[in-house]
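1. sequence first, predicted coordinates after that:
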Amino acid sequence: MNAFELKQVRKNYPGFSLSVDLALPKGCILGLIGENGAGKSTTIKMLLGMTKPDEGSITVLEHPVDESFAPVREDVGVVLDEPAFPDCLTATQVGSIMADIYQNWDAAEYGALLDKLDLPRDKKFKDFSRGMKMKLSIAVAMAHKAKLLILDEPTSGLDPVVRDEVVELFSEFTRDEEHSVLISSHIVSDLEKLCDYVAFLHKGELLLCKEKDKLLEEYGLVLCTREQLESLPVTAVAGTQDSLFGVTALIRREQAPEDLAVIPVGLEDLFVTMIKEVDK
Amino acid sequence: MKGLLKKDLYMTWAYSKIFLLMSLIFVAVSVLSQASLFFIFYPLLMAGILPVSLLSYDERFRWNVYCDATPLTRRQQVTEKYLLTLLYSVGMLLLLALIHGIRLISQGQTGEFLEMLSFMVILALVSPALMLPLLFRLGPERGRLAYFGLFAVLLLFVTMLTGKSMADIPATSGPLGFLLATLAVSVLLFLGSWWLSMRWYDKREF
């Protein structure tokens, strides 16, 4: 069973077109990786019914995303790319408002999250740092017993220590097998720690969507000369980047010669090399 | 919707308490300075503009975008702003009507009171009824400009159509008839405005 499905979805804007076919199995975390303007936020807005696709169909928690979708958002916790609470409100007031918006609002859980994330209750939102604003958005998203978290750049503006705590929170959330998370970020290291699946989005096109571990097993990096590179099977090479000592090649391990030293590749290198290859 | 109302009440207190205070001072001055209608009409206009200001704040803080990620429908978001308009405008209208009603009726000026009440109803209901759909359709900046244009055109149209100034109309229909007609048209316009705002806001994409 999938937490959400985007089937052959297209959205056209002047000068930009987004095309996605994506699904997230329940109980899993999917990381959506893409450069700024790749279409991550548009994908998220379509999943929430905030933007209508021009083609294709979308289902979230087994409900079609259409005019009757609003009540389903009761089960979806959302962090948008920009924190969006009025400046004059305090965390306590935000909690009081949200308790009247979400039927399943859990005030005790919200209080615990405020404590865990070290957020002051009576300080105004305008006096929060960007990181604190993001943490308040996260606390709200996780305090109404959501089954699916949709998080658009939730770790941006957070320092490494807090990022680690927040990533741990999301990870704990998916210990319940009914819970799923979609998280977009360009801080790939966070996604590498957290995700079961990763999807690469580049200039509105979905380059791939795979299980993270399989993907990292499938590919590796080779540091070699141009001559060594040319001796490799063409289908083995997924991308190349010039380096100080020759060429760094992203290759499919299965097709690599046995005598070639293949080193593990991280998600960031994998993504950057792949999109550079696409742009060539 | 209760959550939205609560949020707007918090925001009114935070951003508009000075306007509330000014309005109350104007109400008090209107009792002392009985010659000028300005002190009666101004608080009504202010009360009608408060929800419009809150809508502008919502856009500035991207709260309107966030709302679309919650279980609230677009229709609920629009309806809440109309309820708030009723709360502020009708609240102010009742306060002014009570104060000036007692004053004028006790002086035997019932006709004058009904005429004044008619114009108060127009200010309390028609002004926000014209402005809100434009704001929901175009956003606060362009919506406000469109409203000023529309208001000028309507005023010109009504004046030309009747061939009189607005203040002469009650004399031809009688104060009570004019009040009832004004009330009926204002309520219909307000309901039509609510319906139009829901339709237009449903179609808007951020």
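-> Structure received. Numbering: from 1, shown residues only, chains lettered A, B, ... in the order given.

2. tell me which parts of chain B are close to chain A?
-> For chain B, the contact set with chain A under C-beta under 8 Å from any C-beta of the partner chain comprises B:2-4, B:6-7, B:10-11, B:14-15, B:57-58, B:61-63, B:65-66, B:68-73, B:205-206. All C-beta spots, glycine's among them, are computed from the backbone N, C-alpha and C.

3. put the buried members of these into a PyMOL selection.
-> The PyMOL command for the buried members of those (criterion: 16 or more other C-beta atoms under 10 Å in any protein chain shown) is given here:
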select buried, chain B and resi 3+4+6+7+10+11+14+15+57+58+61+62+63+65+66+68+69+70+71+72+73
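
4. okay, and which of the residues of chain B next to chain A map to helices?
-> Among the residues of chain B next to chain A, DSSP state H puts B:2-4, B:6-7, B:10-11, B:14-15, B:57-58, B:63, B:65-66 in helices.

5. columns pLDDT on top of these, output as TSV?
-> Formatted as TSV, those follow (pLDDT from 0 to 100):
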residue	pLDDT
B:K2	91
B:G3	93
B:L4	95
B:K6	96
B:K7	96
B:Y10	95
B:M11	95
B:A14	92
B:Y15	90
B:Y57	93
B:D58	93
B:W63	94
B:V65	93
B:Y66	94
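
6. looking at those residues, which is nearest B:L84?
-> B:L4 (8.5 Å; C-beta to C-beta).

7. list the contacts of the closest one.
-> A:97, A:101, B:67, B:72, B:76-77, B:80 (C-beta atoms under 8 Å, 6 or more residues apart in numbering or on different chains).

8. just A:V247 next, same as before
-> A:V247 neighbours (C-beta under 8 Å, 6+ apart): A:223-226, A:229, A:240-241.

9. which of the residues you listed are buried?
-> A:224, A:229, A:240.

10. tell me the bridge partners for the last one.
-> Just to be clear, that refers to A:T240. A:A249 (DSSP bridges).

11. what separates it from A:L48, distance-wise?
-> 38 Å (C-beta to C-beta, to the nearest Å).

12. element containing the residue of chain A most remote from its centre, please.
-> Distance from the centre of chain A peaks at A:E227, with 38.2 Å (C-alpha atoms, centre = their mean). A:E227 belongs to helix A:226-231 when assigned by DSSP states H and E.

13. what is the rounded mean pLDDT of that helix?
-> On average, the pLDDT along helix A:226-231 is 82.

14. can you give me how far the helix or strand that contains B:F190 is from the chain middle?
-> Per DSSP H and E, B:F190 falls inside helix B:175-203. Centre-to-centre, helix B:175-203 and its host chain are 11 Å apart (C-alpha atoms, centre = their mean, to the nearest Å).

15. next, the buried residues of it.
-> Under 16+ other C-beta under 10 Å, the buried positions of helix B:175-203 are B:175, B:178-179, B:182, B:186, B:189-190, B:193-194, B:196-198, B:200-201.
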